[in-house]
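Enquirer: sequence plus predicted model, see below.
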There are 2 protein chains.
Amino acid sequence: MKKGDKNNSKNKDEALVGVLRNNGYKVTQGRISILEVFSKYHIPLNAESVSGYLKNKRVDVATIYRTLKSFEEKGILRRVDLRNDSVCFEMNDSHHHHHLVCKKCGDIEDVDVCEIDRLSKIALKNSLKFKLIIDHSLEFFGVCKTCNKV
Amino acid sequence: MKKGDKNNSKNKDEALVGVLRNNGYKVTQGRISILEVFSKYHIPLNAESVSGYLKNKRVDVATIYRTLKSFEEKGILRRVDLRNDSVCFEMNDSHHHHHLVCKKCGDIEDVDVCEIDRLSKIALKNSLKFKLIIDHSLEFFGVCKTCNKV
DNA sequence: TTAACAAATGCGAGTAATTTGCATTTAAAT
DNA sequence: ATTTAAATGCAAATTACTCGCATTTGTTAA
């Protein structure tokens, strides 16, 4: 590993520590590791996947579930609903995006839809019951080219 | 019950029978009853709720789960993910709409967003991997006025 | 530094939603 | 009416997730 890489990695970790502190968390190795996984893999991950990526630095699955839920409540993670059998999350950073999911093989492609904020405002304006919209889900389900050939 | 009502009800059931036949299903009382529930209540329903509405005409919960899944695959029902602890469905008819869900009390308001087809086309056009988009999810999560007061 | 305390974790048991295997029943084709 | 594959009910199994509690750990303040 080159010096530069090491520093980058260190800086990145320091940024993650900052995220934890800003949200009033104790800084534990487990939470840092979980954040590292999400900041490395920009794909929807469920508790089991996170656990898999944490092989070496083992964190109990109950802790992972608790952490994911808490991170979501704080807005550090966003929940992503892909209509599979588990709840997935992604880092909730500036790189906000949605997904196209293959109904056959489950393959995922990111989708940038810049108009969702506008739609959200329209929805709120037309709403009778609601005063505040915090989040939204927007995912597309289809068939990928590979599966379509079969 | 008036004659007219009876006829309407009968016609409705015949329409539902048609739905089953068109999809290659055997026409069973259970499936008709389940379709009746969805065509009567235009709100997201999970297996348990359906079971509740079927009180008199009891259908086993395993059968309900099997039926819902199968109906979704056929496109008769749409899956609706409201981020609660069970999978919900709605009739997939012309009355297509989305939802605003209160994160605190779970109250739901329907949302009509007419631009989603356009977004879907844009997503497909920009996609590298996908050839076909079949469905999408779009739900908004927020806080309703009642809960916001507290 | 260290003492003290609340927060965080691990572990195991528990729960709720959903699925599955299989024997029985039933709709529909012949 | 007979036959057959599909559909159902029942009970057991599975899966994702949660909870209680004893122990550990990070942070605060002396």
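Expert: Done, it's in.

Enquirer: now whichever strand or helix holds A:Ile122: buried residues?
Expert: For A:Ile122, the host element (DSSP states H and E) is helix A:116-126. By neighbour count with 16 or more other C-beta atoms under 10 Å in any protein chain shown, helix A:116-126 contains the buried residues A:Ile116, A:Leu119, A:Ser120, A:Ile122, A:Ala123, A:Leu124. Any C-beta I mention is one placed from the backbone N, CA and C, and that applies to glycine too.

Enquirer: tell me if it is near chain B.
Expert: Yes - using C-beta under 8 Å from any C-beta of the partner chain, helix A:116-126 reaches chain B at A:Leu119, A:Ser120, A:Ile122, A:Ala123, A:Leu124, A:Asn126.

Enquirer: what's the following helix or strand after that helix?
Expert: strand A:130-144.

Enquirer: and that following strand with strand B:130-144, angle?
Expert: Angle, strand A:130-144 to strand B:130-144, by axes from the mean of the first three to the mean of the last three C-alpha atoms, to 10 degrees: 160 degrees.

Enquirer: and whichever helix or strand comes after strand A:130-144, how far out from the chain middle?
Expert: Counting by DSSP H and E, the next helix or strand C-terminal to strand A:130-144 is helix A:145-149. Helix A:145-149 sits 27 Å away from the centroid of its parent chain (C-alpha atoms, centre = their mean, to the nearest Å).

Enquirer: before we move on, what about stretch A:126-145?
Expert: From the chain centre to the centre of stretch A:126-145 is a distance of 16 Å (C-alpha atoms, centre = their mean).

Enquirer: so which residues of chain A form helices?
Expert: Assigned by DSSP state H, the helices in chain A fall at A:3-22, A:29-40, A:47-53, A:61-74, A:116-126, A:145-149.

Enquirer: deepest of those helices, which one?
Expert: With neighbours taken as mean count of other C-beta atoms under 10 Å in any protein chain shown, the helices of chain A reach their highest mean count in helix A:29-40, at a mean of 18.

Enquirer: the spatially most central residue of chain A bridge partners, please.
Expert: The centroid of chain A falls nearest to A:Glu90 when counting by C-alpha atoms, centre = their mean (0.6 Å). As for beta bridges, A:Glu90 partners with A:Arg78 under DSSP bridges.

Enquirer: how much space separates it from A:Arg79?
Expert: Using C-beta to C-beta, to the nearest Å, one gets 8 Å for the distance from A:Glu90 to A:Arg79.

Enquirer: run the angle between the helix holding A:Ile122 and helix B:116-126 for me.
Expert: Angle of helix A:116-126 versus helix B:116-126, following the same axes, to 10 degrees, is 170 degrees.

Enquirer: domain ranges for chain A, per the record?
Expert: Using automatic domain parsing, the domain ranges for chain A come out as A:1-93, A:96-150.

Enquirer: in CSV, list those domains along with mean pLDDT.
Expert: Compiled in CSV, these are given as follows (pLDDT from 0 to 100):
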stretch, mean pLDDT
domain A:1-93, 91
domain A:96-150, 94
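
Enquirer: what is the helix holding A:Ile122 packed up against?
Expert: Contacting helix A:116-126 under the criterion 3 or more C-beta pairs under 8 Å, 6 or more residues apart in numbering or on different chains; DSSP states H and E are the following elements: strand A:130-144, strand B:98-102, strand B:130-144.

Enquirer: out of these, which is closest to DNA strand C?
Expert: strand B:130-144 (15.3 Å; C-beta to the nearest atom of the strand).

Enquirer: what residues does chain A have near DNA strand D?
Expert: When proximity is defined as C-beta under 7 Å from any atom of the strand, chain A approaches DNA strand D at A:21, A:26-29, A:46-48, A:61-62, A:65, A:69, A:85-87.

Enquirer: just those now: which is nearest chain B?
Expert: A:Val87 (8.3 Å; C-beta to the nearest C-beta).

Enquirer: is it true that A:Tyr25 touches A:Arg31?
Expert: Yes - the pair A:Tyr25 / A:Arg31 is scored as a contact, 6.2 Å apart, by C-beta atoms under 8 Å.

Enquirer: ok, A:Asp112 touching A:His95?
Expert: No - A:Asp112 lies out of contact with A:His95 (C-beta under 8 Å); the separation is 9.3 Å.
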